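1. Have a look; sequence and predicted model below, questions after that.
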Amino acid sequence: MSPKQRLVLQAVLYEAFAIAFVTPALSFMFDEPASSTIGLAVLMSSIALGWNYVFNTIFERWEARQSVRGRSLARRLMHGIGFEGGLVAILVPVVSFWLNTSLLSAFMANLGLLVFFFVYAIAFTWLFDRVFGLPESATK
């Protein structure tokens, strides 16, 4: 699989599972029916899909220049922090607008999702690498 195909597959699978997890969580958190929270979940996942591709492209370019190969726990943690940190910066204003609330309120509402997605991003990437192998940036 080419590096671009790998990035696209990783991003699409990541977001498909994310929508399946987030829709009921948003429904519970905001006491709304899933039919209304799926719109926000899809919007958030669509934004995250684009960010996933951009971030992983940048990360793998950086990774390819490193002398130590492989993906240690520290590198996976750095990946998760970088991805989720960037996504928070993008999504908090979106959630604030969608829910018609302050940025602080939107950030606070996202804390549970942030914790979930931090763990999910690391676990998903680890599992994806186990199933599809490490990208060239981590092996050459």
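-> Here it is on my side, so go on. Since we're looking at a predicted model, the values are computed, not measured. Residues are numbered from 1 along each chain as shown.
2. C-alpha from now on. contacts and neighbour counts both.
-> OK.
3. residues of stretch 42-52 that come out buried?
-> If you call a residue buried by 16 or more other CA atoms under 10 Å, then stretch 42-52 has these buried ones: Val42, Leu43, Met44, Ser45, Ser46, Ile47, Ala48, Leu49, Trp51, Asn52.
4. cool, and stretch 15-35?
-> Glu15, Ala18, Ile19, Val22, Thr23, Pro24, Ala25, Leu26, Ser27, Ala34.
5. mind putting the residues you listed in CSV, secondary structure included?
-> Shown next, in CSV, are the buried residues of stretch 15-35 (DSSP: H, G, I helix; E, B strand; the rest coil):
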residue, secondary structure
Glu15, helix
Ala18, helix
Ile19, helix
Val22, helix
Thr23, helix
Pro24, helix
Ala25, helix
Leu26, helix
Ser27, helix
Ala34, helix
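6. Nearest to Ala106, out of these: which one, please.
-> Nearest to Ala106 among those: Leu26, at 12.5 Å, using CA to CA.
7. got a list of what the nearest residue to the closest one once chain neighbours are set aside touches?
-> Nearest-residue entry for Leu26: Thr37, 6.0 Å, with adjacent residues in sequence omitted and distances by CA to CA, 6 or more residues apart in numbering. By CA atoms under 8 Å, 6 or more residues apart in numbering, the residues touching Thr37 are Thr23, Pro24, Leu26, Ser27.
8. Just the element for Thr37, please.
-> Using DSSP states H and E, Thr37 sits in helix 34-64.
9. before we move on, the earlier item: of the contacts of Thr37, closest to Thr101?
-> Of those, the one sitting nearest to Thr101 (CA to CA) turns out to be Leu26, at 15.4 Å.
10. now that closest one: how far from Phe117?
-> As judged by CA to CA, to the nearest Å, Leu26 and Phe117 stand 13 Å apart.
11. now Asn52
-> 12 Å.
12. For the worst-scoring helix or strand of the chain on mean pLDDT, enumerate the helices and strands it packs against.
-> Sorting the helices and strands of the chain by mean pLDDT, DSSP states H and E puts helix 136-139 at the bottom, at a mean of 70. Under the contact criterion of 3 or more CA pairs under 8 Å, 6 or more residues apart in numbering; DSSP states H and E, helix 136-139 touches helix 34-64.
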